[in-house]
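Participant: Sequence plus the predicted model coming up.
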Amino acid sequence: MSRDAFRFCPSCATPLEAIEQWEDGGPKTRLRCPACGWTHWNNPTPVLAAIVECADQGGKVLLARNAAWSGRMFALITGFMEAGESPEHGIRREVAEETALEVLDLKLVGVYDFQRMNQVIIAYHALARGEVRLSPELSEYKLFDLADLRCWRAGTGIALADWLRSRGHEPQFIEFPPRT
């Protein structure tokens with residue numbers, strides 16, 4: 001939820017104000033309730049991402065298109081971490097929920113800043129197997145050889161580029177908006 005989405009205190013319904021207070025690192029202005037002191041911290045949301053390598057498809061990488069997207073952009077499997085789960089458990093769950101694939105092995109690729117969406121992306125390489133059955137959240141998928149993957153210059157695209165480099169492939173980037 002963006003900073004602008006909070007206008008009223010969820011505890012007492014008083015309009016929030018940008019109030020400066022001293023915090024651990026010094027003065028910080030945040031949306032705060034002048035009546036009860038509730039603070040909207042606006043901390044980044046942890047998002048999990050998987051570079052899904054299909055073991056029974058010759059090591060091809062699965063990219064999927066979100067059903068809500070209007071264009072033909074394909075991306076990594078992503079999802080929000082749930083309360084009470086580890087990032088590793090969460091990404092295994094997301095891959096299973098969104099693709100019906102079983103994750104055989106999981107390796108951390110890295111942690112990536114995605115300020116435009118106020119997110120921190122925790123990206124994994126997931127070796128998986130099984131028959132792909134997409135959730136209603138996804139409309140289609142494609143399998144790519146590593147040499148055919150194209151990265152984007154933000155968020156999970158940087159994770160994909162780092163993973164490709166770790167595999168000895170120099171990533172190629174697409175520019176937005178992509179030409180279709």
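Facilitator: Arrived safely.

Participant: Any buried residues in the longest helix belonging to the chain, and which?
Facilitator: Looking across the chain with DSSP state H, the single longest helix is helix 87-99. For helix 87-99, the neighbour count (16 or more other C-beta atoms under 10 Å) marks 87, 90, 91, 92, 93, 94, 95, 96, 98, 99 as buried. Every C-beta, even on glycine, is put in place using the N, C-alpha and C of the backbone.

Participant: cool, stretch 151-167 as well?
Facilitator: Neighbour counts over stretch 151-167 (16+ other C-beta under 10 Å) mark 151, 152, 155, 156, 157, 158, 159, 160, 161, 162, 163, 164 as buried.

Participant: And for stretch 19-27?
Facilitator: Neighbour counts over stretch 19-27 (16+ other C-beta under 10 Å) mark no residue as buried.

Participant: so how far is that stretch off the chain centroid?
Facilitator: With C-alpha atoms, centre = their mean, to the nearest Å as the basis, stretch 19-27 stands 30 Å off its chain's centre.

Participant: Can I get it in PDB, CA atoms only?
Facilitator: Extracted as PDB, the C-alpha positions of stretch 19-27 are listed here (Å, rounded to 0.1, in the frame of the first residue of the first chain):
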ATOM      1  CA  ILE A  19       5.000  14.500  11.800                       C
ATOM      2  CA  GLU A  20       8.700  14.500  12.500                       C
ATOM      3  CA  GLN A  21       9.900  12.400  15.500                       C
ATOM      4  CA  TRP A  22      13.300  11.200  16.800                       C
ATOM      5  CA  GLU A  23      13.900   7.600  15.900                       C
ATOM      6  CA  ASP A  24      16.900   5.300  16.200                       C
ATOM      7  CA  GLY A  25      18.800   7.000  13.400                       C
ATOM      8  CA  GLY A  26      17.700  10.600  14.000                       C
ATOM      9  CA  PRO A  27      14.700  12.700  13.100                       C
END
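
Participant: quick one: average pLDDT of it?
Facilitator: Across stretch 19-27, the average pLDDT comes to 93.

Participant: Stretch 129-145 now?
Facilitator: The average pLDDT within stretch 129-145 is 97.

Participant: what about residue 66, distance to residue 77?
Facilitator: Using C-beta to C-beta, to the nearest Å, residue 66 is found at 10 Å from residue 77.

Participant: give the contact list for the closest residue to residue 36 other than its chain neighbours.
Facilitator: Spatially, and ignoring its direct neighbours in sequence, residue 36 is nearest to residue 12 (4.8 Å; C-beta to C-beta, 6 or more residues apart in numbering). For residue 12, the contact set (C-beta atoms under 8 Å, 6 or more residues apart in numbering) comprises 33, 35, 36, 38.
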